[in-house]
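Engineer: Here's my sequence, what's the structure:
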Amino acid sequence: MLWLVKAGGTLTLYTARMFGPFTVLRDGETIGSGGSAPSLTAARTLLKWFLIHPQVSFSSDELADVIAPGKSNPRNRLNRTLHALRDYLEPDRGDRSSVFIKKTGAGYVFDPGGSWEVDFWQARRLISAARQARQAGDIEAAIRDLETVAQLDARVFLPEDIYTEAFADTRAAQERACRDARVSLLRLYLSSDMLPQALASALAMLDQDPYDEAAVMTVAVAHAMGGDRFAGIQILLEFRDRLNEDLGISPSSDVHRLVDHLRSGDPIRVSPAPRLRRD
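Structural biologist: Next up, the predicted model:
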């Protein structure tokens, strides 16, 4: 843990949870959401933006567009929001300038200063660490890191902001990164003969997206590796039919090849390889 040492020797740690309902804690105590107060609602939106982009300078116009796109008097709105955010995070600072929100020429930058723990940052670190661990052959460490990513992803990134345009690009990138991580975890489970874990993880992914091809293939392979190739083949054929009936599309050639392989009776070998891709 990284701590900020404030004047007077008080230690303060801020924690932000961006997977699941947005929550901010100061020294383990939840800071109130502010209810429906417009200025505080905008302040929390601005804080999310700053936490996604720490140490990046943004102009006043860019920040105003985050909290109130297309609204009148954007600078006034931004000034009120910045004051509300400072009071939200640092209620005891009085008239002193914020520790975190710093003026930079025509804009502002959020400097966490080593005093913040954010699960959004944690997910990125874990994905990178798992990749390095897998390349080094430390499968156990890679699995451990990816399991944490899967747990975070299951909570959904900023669920209250699904339709907020300001976070759309970040959400799309985060969802891709987390899904890739979860698919990598499936392959690591299978390659390590951890069939119950592979099956449970794949079924959890199918709860979120019933058309996730990699998850369906994992369920099929787990059954086949467990000795029931017929069940694996049936799962894949039913998935093919469901895709065709519900979406009017066909599965990728990976699914067809897997069906053929299971029918052939050849041994099933899964390596901790990069994620599966659709054709």
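Engineer: which residues in this protein form strands?
Structural biologist: Using DSSP state E, the strands found in the chain span residues 4-5, 11-12, 14-17, 23-26, 29-30, 58-59, 101-104, 107-110, 116-118.
Engineer: Give the other helices and strands that the fifth one contacts.
Structural biologist: Same thing as strand 29-30. With contacts defined as 3 or more CB pairs under 8 Å, 6 or more residues apart in numbering; DSSP states H and E, strand 29-30 has no helix or strand neighbours. Any C-beta I mention is one placed from the backbone N, CA and C, and that applies to glycine too.
Engineer: contact partners of that strand?
Structural biologist: Identification of contacts with strand 29-30 by CB atoms under 8 Å, 6 or more residues apart in numbering yields T23, V24.
Engineer: Check the offset of that strand from the chain's centre.
Structural biologist: Taking CA atoms, centre = their mean, to the nearest Å, one finds strand 29-30 lying 22 Å from the centre of the chain it belongs to.
Engineer: go on, the last one?
Structural biologist: With CA atoms, centre = their mean as the basis, the distance from the averaged C-alpha position of strand 116-118 to the chain average is 14 Å.
Engineer: Next: the third one.
Structural biologist: Taking the mean of its C-alpha atoms, strand 14-17 sits 15 Å from the chain's own mean (CA atoms, centre = their mean).
Engineer: Paired strands for it, with orientation please.
Structural biologist: strand 23-26 (antiparallel), strand 116-118 (parallel) (DSSP bridges).
Engineer: again, but for the fifth one
Structural biologist: Counting by DSSP bridges, the strands paired with strand 29-30 are strand 23-26 (antiparallel).
Engineer: So which bits of the partner strand are buried?
Structural biologist: V24, R26 (16 or more other CB atoms under 10 Å).
Engineer: Outside of it itself, list whatever touches it.
Structural biologist: Identification of contacts with strand 23-26 by CB under 8 Å, 6+ apart yields T12, L13, Y14, T15, A16, R17, T30, I31, R44, L47, Y88, L89.
Engineer: if you set the cut-off to 7 Å instead, what comes out?
Structural biologist: Residues outside strand 23-26 that contact it (CB atoms under 7 Å, 6 or more residues apart in numbering) are T12, Y14, T15, A16, R17, T30, I31.
Engineer: same question, stretch 204-213
Structural biologist: Contacts for stretch 204-213 (CB under 7 Å, 6+ apart): A154, R182, A215, V216, L243, L247, P251, S252, V255, R278.
Engineer: Can you tell me which one of the residues you listed sits lowest on pLDDT?
Structural biologist: pLDDT across those is lowest for R278, at 35.
Engineer: rewinding a little: please produce a markdown table containing the strands of the chain, extended by distance to S191.
Structural biologist: Converted to a markdown table, the strands of the chain look like this (distance: least, CB to CB, whole Å):
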| stretch | distance to S191 |
| --- | --- |
| strand 4-5 | 43 |
| strand 11-12 | 44 |
| strand 14-17 | 32 |
| strand 23-26 | 36 |
| strand 29-30 | 41 |
| strand 58-59 | 44 |
| strand 101-104 | 47 |
| strand 107-110 | 41 |
| strand 116-118 | 32 |
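Engineer: how about the strands paired with strand 14-17 in CSV, adding mean pLDDT and distance to E160?
Structural biologist: Below are those laid out as CSV (pLDDT from 0 to 100; distance: least, CB to CB, whole Å):
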stretch, mean pLDDT, distance to E160
strand 23-26, 94, 11
strand 116-118, 96, 17
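Engineer: With that, I have no additional questions.
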